[in-house]
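**Student:** one predicted model, sequence on top.
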Amino acid sequence: MFKTRDRNADRIIRHARVRKKVSGTPERPRLSVYRSLNNIYAQIIDDSKGVTLAAASTQEKDVLAQLAELDKKGAAKLVGKLIAERATDAGIKQVVFDRGGYVYTGRVAELAAGAREAGLEF
């Protein structure tokens, strides 16, 4: 019998492999991305303290109002801009990008592009 491929389990393995090397510090925290079927979430995390410094997602009320005319990629770019604004408000200019085991294309790349446009450096 052939075993069916569990894509999410493969993603979790890839994410764990990357997380061995990528870690957020107080000077350069980690920008972590989680992508579900319909939504995208981003957090800026200081791994040395285990604290989330800023977060943004498509589930927030102010973002939901703007999503009617946007597709998923546009929503991801909007979340990227929002997380960058919140990061600069918290005094964060540079981050380490953690793509969460996802391929760096589509919504993940758009989130990163939106964060760069708003002034966040990777």
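**Tutor:** Received, thanks.
**Student:** same for the helix or strand bottoming out on mean pLDDT in the chain, what does it pack against?
**Tutor:** Ranked by mean pLDDT, DSSP states H and E, the helix or strand of the chain with the weakest confidence is helix 61-64, at a mean of 92. On a contact count with 3 or more Cβ pairs under 8 Å, 6 or more residues apart in numbering; DSSP states H and E, helix 61-64 meets helix 72-89. C-beta here means a position set from N, CA and C on the backbone, and glycine is covered the same way.
**Student:** buried residues in the least confident helix or strand of the chain?
**Tutor:** residue 63 (16 or more other Cβ atoms under 10 Å).
**Student:** same deal with stretch 30-37?
**Tutor:** 30, 31, 32, 33, 34, 35.
**Student:** what sits against the spatially most central residue of the chain?
**Tutor:** Note on the chain: the residue nearest the mean C-alpha position is residue 33, at 2.4 Å, using Cα atoms, centre = their mean. In this structure, residue 33 makes contact with 40, 41, 42, 97, 98, 99, 100, 102, 108, 111, judged by Cβ atoms under 8 Å, 6 or more residues apart in numbering.
**Student:** SS state for it?
**Tutor:** At residue 33, secondary structure determined by DSSP: H, G, I helix; E, B strand; the rest coil is strand.
**Student:** tell me, what's the model's pLDDT at it?
**Tutor:** For residue 33, the pLDDT comes out at 98.
**Student:** ok so, going back, how far away from the center of its chain is the least confident helix or strand of the chain?
**Tutor:** 17 Å (Cα atoms, centre = their mean, to the nearest Å).
**Student:** quick check: beta-bridge partners of the closest residue in space to residue 100 that isn't next to it in sequence?
**Tutor:** If the residues on either side of it in the chain are set aside, residue 100 comes closest to residue 33, at 4.8 Å by Cβ to Cβ, 6 or more residues apart in numbering. Judged by DSSP bridges, the bridge partners of residue 33 are residue 42.
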